[in-house]
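Colleague: give me a 3D structure for the following:
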Amino acid sequence: MSRTKFNNVFVKNLSESIADEDLKKVFGEFGPITSAVVMRDTDGKSRCFGFVNFDNVDDATNAVEALNGKKFDDKEWYVRKAQKKSEREQELKGKFEQSMKEDADKYQGANLYVKNLDDTVDDEKLKELFAEYGKITSCKVMRDPCGISKGSGFVAFSSPDEASRAAQFSQMRPMAMTPPAGPRMPIYPLGAAGMGQQIFYGQAPPMIPPQVKTLRFLN
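Modeller: Okay, here's the model as predicted:
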C-alpha cells in the first residue's frame, strides 16, 4: 500500500445492494467524509465499486487499513488509495516488467531464433525439423499482416539443454528446408543483442540475455 498522503479511497467488490448511504455509514466511522459514491451504469445498476473522499488524510489511511479485506454481505472488500490514471499505468507497467523478468529467468536459454527460412516452411515443418532434439513447447514462423512468411521464426524448448543440443547438432546438418543455392540459416538464443524488440508468439516468453552466440547451418 502506498505511503503517500491521500484523501480519496477506492473500494470494490461491493454487493449490488450497497448504496451511497451504506458507504457513508461504514466509512464515516473513521472520520468526516465529503462524499461517498457507488458507481453505476446507464441503467442505474451498481458496478460494485465506488469512491469515498475524507476530510483528513489520516482518517483515509485508517479506513483503508481497517476495511481492506473485511467482509460485508459475504463480499470481501478491496479498499485502497484511489489512484490517478498515471499512477495506475505506472503500477501496471511495473507489474508487467516484473512478470517479464520472472518469465525470462524461468525460460533462460530455452529458446531459439531462426532466420533465413524458406517461404515454404510453416509452423509444422519448423516443429518437425527441431522435434528430435527435445520437447518443443512453442514453435512459430513470423508472418506479415498478409500472411506471407518473414523468413524467421522461434522455437521454444522445455529446457535450455534441449535448445543447446538443437543448436549444436543443427549446424552440422544440411537443411532440407532451404533452397540449395539459398542463404544459410543461422539460429540464435532468443533475446540476444539486437533482438530485444522481437515479439515471440508462443508459450515461452522473450529473453534478454547479455550476449549472443551465432550459429549457422551448413548446406
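Colleague: which positions within the one helix or strand V155 maps to qualify as buried?
Modeller: Remark: V155 resides in strand 149-157, with elements defined by DSSP states H and E. Going by neighbour count (16 or more other CB atoms under 10 Å), the buried part of strand 149-157 is S149, G151, S152, G153, F154, V155, A156, F157. (Each C-beta comes from the backbone N, C-alpha and C, glycine too.)
Colleague: the third one touches L112, doesn't it?
Modeller: It refers to S152. No. S152 is not in contact with L112 according to CB atoms under 8 Å; the separation is 11.1 Å.
Colleague: contacts for the strand holding V155?
Modeller: 107, 110-119, 121-123, 126-127, 130, 133-144, 163, 166, 190, 200-204 (CB atoms under 8 Å, 6 or more residues apart in numbering).
Colleague: can you list the strands that it pairs with?
Modeller: strand 111-115 (antiparallel), strand 136-143 (antiparallel) (DSSP bridges).
Colleague: list just the nearest of the buried residues of strand 149-157 to K71.
Modeller: Proximity of the buried residues of strand 149-157 to K71 (CB to CB) peaks at A156, which lies at 42.8 Å.
Colleague: that closest one pairs with what?
Modeller: Beta-bridge partners, per DSSP bridges, of A156: N111, S138.
Colleague: ok, now how distant is it from N53?
Modeller: 49 Å (CB to CB, to the nearest Å).
Colleague: and what of W77?
Modeller: From W77 to N53 the distance is 17 Å (CB to CB).
Colleague: looking at the two, which has the bigger crowd around it?
Modeller: W77 (19 against 16; other CB atoms under 10 Å).
Colleague: ok, now how distant is that one from M142?
Modeller: 46 Å.
Colleague: would you mind listing where the protein has pLDDT under the threshold?
Modeller: Applying pLDDT under 70 to the chain flags residues 1-4, 85-89, 96, 99-109, 169-219.
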